[in-house]
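> Sequence first, then the predicted structure, then my questions.
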Amino acid sequence: METPYRPLSDREREVLVWLLEHGPSEATNFLPQLDLIEARSSCSCGCPSVEFSVPVDAPFIHSPQGMRLHATGHTGTDEVGVMLTAGSGVLSDLEVYTYGGVDHAFGLPLLETLRPTG
């Protein structure tokens, strides 16, 4: 069953801002969308991955081939990867995943541990 959309949490917003500020220069064009989007869980495995709902009147951001921003970090107990995706001029989702056989719920990475990748 799909969960309802809700405002971004403070931690989600912090991670999204970090990713956008550490991506290519045009990535910061998406920052204003953070005030408009809502999020909901996109997975049932216990990870903090979310998909976004962007209002139809949100500003369209030109990104000809879409955008994927990748980083690695640490939650305090687990090493994780994060990937922020945008397409058709709007942010679409934040995927958070572990490296290895983690069999428990885990959270977002600590900002001070984030490092851009690929």
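Structure received.

> Report the central residue of this protein.
residue 94 (2.8 Å; CA atoms, centre = their mean).

> Now do the strands in this structure.
6-7, 38-41, 50-53, 67-74, 79-87, 90-98, 115-117 (DSSP state E).

> Would you point to the one among those that's packed deepest?
strand 50-53 (a mean of 21; mean count of other CB atoms under 10 Å). Placement of C-beta: from N, CA and C, glycine included.

> Using CSV, list the CA coordinates for that strand.
Output of strand 50-53 as CSV, limited to C-alpha atoms (Å, rounded to 0.1, in the frame of the first residue of the first chain):
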residue,chain,number,x,y,z
VAL,A,50,11.6,8.5,-1.2
GLU,A,51,9.9,9.6,-4.3
PHE,A,52,8.7,13.2,-4.9
SER,A,53,5.5,14.9,-5.9
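
> elements contacting it?
Judged by 3 or more CB pairs under 8 Å, 6 or more residues apart in numbering; DSSP states H and E, the packing partners of strand 50-53 are strand 38-41, strand 90-98.

> how does it look with 10 Å?
Counting contacts by 3 or more CB pairs under 10 Å, 6 or more residues apart in numbering; DSSP states H and E, strand 50-53 is packed against helix 10-21, strand 38-41, strand 79-87, strand 90-98.

> Relative to residue 108, which of those is closest?
helix 10-21 (5.2 Å; CB to CB).

> Name the residues that touch the closest one?
Outside helix 10-21, the residues that touch it by CB atoms under 10 Å, 6 or more residues apart in numbering are 7-9, 26-31, 33-35, 37, 39, 48, 50, 52, 67, 69-71, 73, 82-84, 86, 91, 94, 96, 107-112, 114, 116.

> Swap in 6 Å and give it another go.
Helix 10-21 is contacted by residues 27-28, 30-31, 34, 69, 84, 108, 111, 114 when judged by CB atoms under 6 Å, 6 or more residues apart in numbering.

> And the residues you listed, which two are furthest apart?
Counting by CB to CB, the most remote pair of those is 28 and 108, 20.3 Å apart.

> And those two? Which one has more around it.
Neighbour count, other CB atoms under 10 Å: between residue 28 and residue 108, residue 108 has more, with 22 against 14.

> And that one, how far from residue 97?
To residue 97, residue 108 is 12 Å away according to CB to CB, to the nearest Å.
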